[in-house]
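Colleague: Mind looking at a prediction? Sequence and model below.
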Protein chains: 2
Amino acid sequence: MGKISFIKRDFLKTAGVVTTILRFFLSFAMVLVLAGSALAGAEDKDLMTRANQIFGPLPQSMPSEQNPITPSKVKLGKLLYYETRISVDGTVSCAKCHPISLYAADGLKKSRGNNCKENPRNAPTILNAAAQISAHWIGNRTGVEDQAKQALVGPPSFGMPSYESVEKIFKGIRGYVILFQEAFPEDKEPVNVDNFAKAIGAFERTLMTPAPFDDFMKGNSGVLSERQKRGLQTFLDTGCMTCHFSPYLGGQMYQKFGILEPYWNYTKSEKVDDGRFSVTKSEADKYVFKVPVLRNVAMTMPYFHDGSVDKLDRAIWIMAKIQLGKELSKEQVEDIDAFLNSLTGKLSDDAITVPVLPAME
Amino acid sequence: MGKISFIKRDFLKTAGVVTTILRFFLSFAMVLVLAGSALAGAEDKDLMTRANQIFGPLPQSMPSEQNPITPSKVKLGKLLYYETRISVDGTVSCAKCHPISLYAADGLKKSRGNNCKENPRNAPTILNAAAQISAHWIGNRTGVEDQAKQALVGPPSFGMPSYESVEKIFKGIRGYVILFQEAFPEDKEPVNVDNFAKAIGAFERTLMTPAPFDDFMKGNSGVLSERQKRGLQTFLDTGCMTCHFSPYLGGQMYQKFGILEPYWNYTKSEKVDDGRFSVTKSEADKYVFKVPVLRNVAMTMPYFHDGSVDKLDRAIWIMAKIQLGKELSKEQVEDIDAFLNSLTGKLSDDAITVPVLPAME
């Protein structure tokens, strides 16, 4: 009995020790969990704060003082966006190189204009695109309106012989004469290419695609996966945001493509493009391009000014390597890739409906 | 006073006669009005009855026993309709030659396919088009499914080297693999070009455009103007409906273009097209074409198999002249033109929305 008592006592003692140890570990684990969740919350909050500082909220539209957005201009602009009958071979519209079905890019290395002529560079999406410093990769268009107007007579795009020839077509379609009058009620002769450009511009200035990333910036941390958050953190830490800032994650500055090494060593581009040099003739602008907007980038392959790279992960790795001198690991690339996928946004109901164009009579 | 009385009596007598005459004329006028309205009503009713006998109501869709319409097939088919990445140069989709914005025709004399190759004939609209005896002008496609499938490898259309090359692309896009599985749940390997064709077909089989003319046939005589009703009457009396019958006003038979005189004398066609002869090699099929559907004809210029005629009124005059041996007056042509405008229908909400395509990864 003494033995039993001893054993019992011992057992109880041991059990007590175990319980104490268990209690200690449980408490410690709970402290860890609590600390962890508090930490994660703080980390998310910190990440949101940094994201808001660097990118900021996506606006409802991209207004312009020179070209105020009005419903009648947007309505006309949307029709004109689909108009092929104002191209020299009757096949080119804005939507040809910027089809909504492919997030307003065309999936080609380089777009094909009238008579299938190849354009000099890859067609960027026109979604969230009207608030950039300029239009086109080398900034040779002042903005979306200028781009739309010049495209009409651009040899590889619409290829029309003159602005007058375009205006003549519009004047021959009664439906358009009325729509131009409604969109530009103060103009005596509203049917002209400047108003064509303004209408297209007004339409494009409404094309925003709010994305999960915007919900995250508003404070909803659950919309991004842990991998996406890590990717955002890596995007910031690596320095991608040095050029890809603003609500559009780009479009606000020019930058040399290949700061540290020639880009073509990595992109395997078929030919070397001088970039903005061809506009300014300044040596400093050699291989300089506009920093592209990254919204919807996961939907708008192929990548770079010449569409030379098909895969987003490869494009990410190249950018870090030759712009920032950093060799990202496979995991880091995958994280950033996941983050960039959170920039794939939702098109508005207005953006995804096709208008029926006025008939020729 | 006696004089006055006499005058008064006379006046009263005269007034009485006038009243009687007036009453008579009023009654007569009312009879005329009533008779007139009854007559007009009877005429409209008669016209409605004849129209219903010859054309009949537009169905809700164009079903097929071989290819039942299901929501998941239609959903996939609509995506595929916009898919350019399955063409040899990445620019051709169904929507290229059949853009919804132009009532699913393209406004060209002859469509331009991959690398801008010219197609042999004018692209007809694919709206209300799936219930015809065959597809294409010369009936060398059995139906919309056959047309869609063969277009993939058609040298002037998608131009792909083989069906396998198309299937390989679909298999490389995860989004499509899932969508094909959903649309064809009983197939072990659903990602193939036959199912591509069925999905496109199912989508096209839903594309109906009910028009004012359909409301008229249902008994609402007020939706057509007097000119349009006269035009319908002339359409029937002239004999146009001998070939242009069915709810689609065409698409049910083949007919020689230029029964009485060579068509090219009138269309000024650049080259003579043998028509269905090239399919059957039968002399009887020389210059024979499928009778085109007339729904939305006012929106789908230019006209005829080679798009050789720009104006609808000219096309109407030519048809009566060389098919029926009748020289229509300017007014008769204008009446028929007005009637044909009542066939311009409304596209469904589903038809006018653009789908966003699965991304390449």
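Modeller: Noted; the coordinates are in hand.
Colleague: Could you use CA atoms for every contact and neighbour count after this?
Modeller: Fine.
Colleague: quick one, helices of the stretch 101-250 of chain A?
Modeller: A:144-153, A:163-171, A:174-183, A:193-204, A:212-217, A:226-238 (DSSP state H, counting those that start in this stretch).
Colleague: wait, does the fourth one make contact with chain B?
Modeller: This points to helix A:193-204. No. Judged by Cα under 8 Å from any Cα of the partner chain, helix A:193-204 and chain B are separated, with a smallest distance of 16.0 Å.
Colleague: how much space between the closest residue to A:Gly201 other than its chain neighbours and A:Ala129?
Modeller: Counting by Cα to Cα, 6 or more residues apart in numbering or on different chains, A:Gly201 lies nearest to A:Glu145, which is 4.9 Å off, once chain neighbours are set aside. Between A:Glu145 and A:Ala129 the computed distance is 12 Å (Cα to Cα, to the nearest Å).
Colleague: same check, this time on A:Ala95
Modeller: 15 Å.
Colleague: Write out the residues of the stretch 51-200 of chain A neighbouring chain B.
Modeller: Counting by Cα under 8 Å from any Cα, the stretch 51-200 of chain A sits next to chain B at A:82, A:85, A:90-91, A:100-103, A:106-108, A:112, A:115-116.
Colleague: Make TSV from those residues and add distance to A:Pro355 to it.
Modeller: Listed next are those as TSV, based on distance: Cα to Cα, whole Å:
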residue	distance to A:Pro355
A:Tyr82	8
A:Arg85	15
A:Gly90	18
A:Thr91	17
A:Ile100	13
A:Ser101	14
A:Leu102	18
A:Tyr103	17
A:Asp106	20
A:Gly107	23
A:Leu108	25
A:Arg112	23
A:Asn115	25
A:Cys116	25
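Colleague: Specify which member of those is nearest to chain B.
Modeller: Among those, A:Ser101 lies closest to chain B (Cα to the nearest Cα), at 4.3 Å.
Colleague: burial count for the closest one?
Modeller: Per other Cα atoms under 10 Å in any protein chain shown, the neighbour tally for A:Ser101 reads 20.
Colleague: I'd say it and B:Leu357 touch.
Modeller: Yes. Counting by Cα atoms under 8 Å, B:Leu357 is a contact partner of A:Ser101 at 5.6 Å.
Colleague: Find the residues that touch each one of these two.
Modeller: Counting by Cα atoms under 8 Å, 6 or more residues apart in numbering or on different chains, the residues touching both A:Ser101 and B:Leu357 are B:Tyr82.
Colleague: quick one on the thing from earlier: tell me which of A:Ala95 and A:Ala129 has more neighbours.
Modeller: A:Ala129 (25 against 19).
Colleague: what about the nearest residue to the more buried one once chain neighbours are set aside, how many neighbours?
Modeller: Distance criterion Cα to Cα, 6+ apart; nearest residue to A:Ala129, sequence neighbours excluded, is A:Val293 at 7.3 Å. Using other Cα under 10 Å, A:Val293 has 25 other residues around it.
Colleague: Next, A:Val293: secondary structure please.
Modeller: coil (DSSP: H, G, I helix; E, B strand; the rest coil).
Colleague: tell me the contacts of it?
Modeller: A:Val293 neighbours (Cα under 8 Å, 6+ apart): A:128-129, A:244, A:248-251.
Colleague: how does it look with 6 Å?
Modeller: A:248-251 (Cα atoms under 6 Å, 6 or more residues apart in numbering or on different chains).
Colleague: what's the spacing between the nearest residue to A:Arg227 once chain neighbours are set aside and chain B?
Modeller: In this structure, A:Arg227 finds its nearest non-sequential neighbour in A:Asp335, 5.4 Å apart by Cα to Cα, 6+ apart. Going from A:Asp335 to chain B by Cα to the nearest Cα, to the nearest Å gives 15 Å.
Colleague: picking that back up, is it possible to export the helices of the stretch 101-250 of chain A to CSV including distance to B:Glu164, mean neighbour count and mean pLDDT?
Modeller: CSV is the format used below for these (distance: least, Cα to Cα, whole Å; neighbours: other Cα atoms under 10 Å in any protein chain shown; pLDDT from 0 to 100):
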stretch, distance to B:Glu164, mean neighbour count, mean pLDDT
helix A:144-153, 37, 21, 98
helix A:163-171, 43, 16, 98
helix A:174-183, 45, 18, 98
helix A:193-204, 39, 25, 98
helix A:212-217, 37, 22, 98
helix A:226-238, 36, 19, 98
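Colleague: could I get those as JSON lines with distance to B:Ala211?
Modeller: Shown next, in JSON lines, are the helices of the stretch 101-250 of chain A (distance: least, Cα to Cα, whole Å):
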{"stretch": "helix A:144-153", "distance to B:Ala211": "35"}
{"stretch": "helix A:163-171", "distance to B:Ala211": "27"}
{"stretch": "helix A:174-183", "distance to B:Ala211": "19"}
{"stretch": "helix A:193-204", "distance to B:Ala211": "29"}
{"stretch": "helix A:212-217", "distance to B:Ala211": "42"}
{"stretch": "helix A:226-238", "distance to B:Ala211": "50"}
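Colleague: who wins for proximity to B:Glu261 among those helices?
Modeller: Closest approach to B:Glu261 among the helices of the stretch 101-250 of chain A (Cα to Cα): helix A:163-171, 34.1 Å.
Colleague: That closest one vs helix A:174-183, what angle?
Modeller: Helix A:163-171 runs at 100 degrees relative to helix A:174-183, counting by axes from the mean of the first three to the mean of the last three Cα atoms, to 10 degrees.
Colleague: Which elements pack onto helix A:163-171?
Modeller: For helix A:163-171, not one helix or strand is in contact under the criterion 3 or more Cα pairs under 6 Å, 6 or more residues apart in numbering or on different chains; DSSP states H and E.
Colleague: if I read this right, A:Gln228 contacts A:Ala338, doesn't it?
Modeller: Yes. Using Cα atoms under 6 Å, A:Gln228 is in contact with A:Ala338, at 5.0 Å.
Colleague: Show me where chain A has its strands.
Modeller: A:254-256, A:288-290 (DSSP state E).
Colleague: Please name the residues that touch the residue in the stretch 201-350 of chain A that chain B sits nearest to.
Modeller: Residue of the stretch 201-350 of chain A nearest chain B, by Cα to the nearest Cα: A:Met299 (5.4 Å). Counting by Cα under 6 Å, 6+ apart, A:Met299 makes contact with B:Ala359.
Colleague: Distance of it relative to A:Leu224?
Modeller: A:Met299 is 18 Å from A:Leu224, by Cα to Cα.
Colleague: circling back: make sure the residue nearest to A:Arg227 is actually in contact with A:Gly231.
Modeller: Yes. Counting by Cα under 6 Å, A:Asp335 touches A:Gly231, with 4.0 Å between them.
Colleague: ok, the most centrally placed residue in chain A - contacts?
Modeller: Centroid-nearest residue in chain A: A:Arg295, 2.1 Å away (criterion: Cα atoms, centre = their mean). Residues near A:Arg295 by Cα under 6 Å, 6+ apart: A:Leu343.
Colleague: Report pLDDT for it.
Modeller: Note on A:Arg295: pLDDT of 98.
Colleague: give me the number of residues near A:Asn184?
Modeller: No Asn there; residue A:184 is Phe. Other residues within reach of A:Phe184, judged by other Cα under 10 Å, total 18.
Colleague: Nearest residue to it in space, please, no chain neighbours.
Modeller: Closest to A:Phe184 by Cα to Cα, 6+ apart is A:Pro190, at 6.0 Å.
Colleague: Look up how far chain B lies from that neighbour.
Modeller: 23 Å.
Colleague: mind checking how far A:Asp214 is from A:Phe235?
Modeller: 16 Å.
Colleague: for A:Met62, same thing?
Modeller: Remark: distance between A:Met62 and A:Phe235 (Cα to Cα) = 25 Å.
Colleague: go on, A:Ser111?
Modeller: According to Cα to Cα, A:Ser111 and A:Phe235 sit 30 Å apart.
Colleague: do A:Lys198 as well
Modeller: From A:Lys198 to A:Phe235 the distance is 36 Å (Cα to Cα).
Colleague: what about chain A, any weak spots by pLDDT?
Modeller: A:1-40 (pLDDT under 70).
Colleague: 90 instead?
Modeller: Counting by pLDDT under 90, chain A has low-confidence residues at A:1-42, A:360-361.
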